[in-house]
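Student: return atomic coordinates for the entry below.
(one chain, ligands or ions: 3)
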Amino acid sequence: MGGSANLNIMMKAARKAGRSLVKDFREVENLQVSMKGAGDFVSRADLAAEAILKEELLGARPTYGWLAEEEGEIEGQDPTRRWIVDPLDGTTNFLHGLPHWAVSIALEHKGQIVSGVIYDPAKDELFFAEKGEGAFMNDSRLRVSGRGSMIESIFATGVPFGGRSDLPETLQDLARLMPTCAGVRRFGSAALDMAYVSAGRYEGFWERRLHAWDMAAGIIIARESGALIEPLTPGGDILNDGEVICANEAIFQKFSKLIRD
Ligand code: IPD
Ligand code: CA
Ligand code: CA
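Tutor: Ligands and ions are numbered 1, 2, ... in the order given. Reported below is the predicted structural model:
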């Protein structure tokens, strides 16, 4: 479980950004908050964490490309490798003093995500995976849950906020799914939602209207933990479409049929 040099760079960067966010989380009331869009807040903490990640990740690998939520995209000298970063996933939770948010870092190589780190500083849970090496949380190997019965399963999603137009689709999903399962959760961090499927904490997750940085690290962590993860529309591309569905293998068919039909 030593991990590659790149994975170690990612973990160090995630912990450093996490420390900065924890300090700001404690002073959350004093943060300057600006509106970037309905329900989508950007804080000073967010920008500071992204600056730390940029310094650590591009400092160590200056030729790689860069895609991050706040400052956008930088083309690298090496066109095959790119960091995909969300410095703070769960901003709304953060600003409300809810301790459920994470730093998310992925490395893409030739269009495939090859490693991912999701760090939840409030719980000191570091989720990570590399292609072909399995997925881990701190010192433990991650495995999806083995539950195959809908009525025993818990699912997570993100619900539209601030007048988003995808409310009818979400309500339809919920109307179909809720009577069949043990519960639906909306925890407010897509990155942690995917990490939690990997950890077997819930059986499945789906969401629309996400961005590449919300999902990139979660994709490899989910896959390496044994989850099935697909674009919500079959044949699509998760990162470009921003729509994802993932679940343990035992429940995937039943769950995805309900959501996709
Ligand atoms: C958000 C979270 C949330 C999801 C939103 C995302 P942010 O990311 O992942 O769970 O439902 O769509 O935008 O804005 O906190 O980085
Ligand atoms: Ca996000
Ligand atoms: Ca964010």
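Student: quick one: the helices in the chain?
Tutor: 5-26, 44-60, 91-95, 167-177, 190-198, 212-224, 238-241, 249-260 (DSSP state H).
Student: give me whichever of the ones you listed is most buried.
Tutor: helix 190-198 (a mean of 30; mean count of other C-beta atoms under 10 Å). For glycine as for every other residue, the C-beta is placed from the backbone atoms N, C-alpha and C.
Student: sorry, back to before: quick one: which of the helices of the chain is nearest ligand 2?
Tutor: helix 212-224 (4.1 Å; C-beta to the ion).
Student: is that closest one positioned near ligand 1?
Tutor: Yes. Under the criterion of C-beta under 6 Å from any ligand atom, ligand 1 is reached by helix 212-224 at Asp214.
Student: so that helix, near ligand 2 or not?
Tutor: Yes. Using C-beta under 5 Å from the ion, helix 212-224 reaches ligand 2 at Asp214.
Student: which residue does the stretch 101-250 of the chain bring closest to ligand 1?
Tutor: Closest approach between the stretch 101-250 of the chain and ligand 1, counting by C-beta to the nearest ligand atom: Gly158, at 2.6 Å.
Student: need the nearest residue in space to that residue, chain neighbours excluded.
Tutor: Glu207 (4.3 Å; C-beta to C-beta, 6 or more residues apart in numbering).
Student: show the pLDDT at the one you found.
Tutor: You'll see Glu207 listed with a pLDDT of 97.
Student: and the chain, which residues reach ligand 3?
Tutor: Glu69, Asp86, Leu88.
Student: give me every residue in the protein lying close to ligand 1.
Tutor: 40, 86, 88-92, 158, 188-190, 207, 210, 214.
Student: below-threshold pLDDT in the stretch 1-150 of the chain: ranges please.
Tutor: For the stretch 1-150 of the chain, applying pLDDT under 70 flags the ranges 1-2, 29-43.
Student: what sits against the spatially most central residue of the chain?
Tutor: Among the residues of the chain, the one closest to the centroid is Ala191, at 1.7 Å (C-alpha atoms, centre = their mean). Going by C-beta atoms under 8 Å, 6 or more residues apart in numbering, Ala191 touches Asp86, Asp89, Gly90, Ala102, Ser104, Ile118, Asp214, Met215, Ala217, Gly218.
Student: hey, where'd the strands end up in the stretch 1-150 of the chain?
Tutor: 33-35, 41-43, 65-68, 72-74, 81-89, 102-109, 112-120, 125-130, 135-137, 140-141 (DSSP state E, counting those that start in this stretch).
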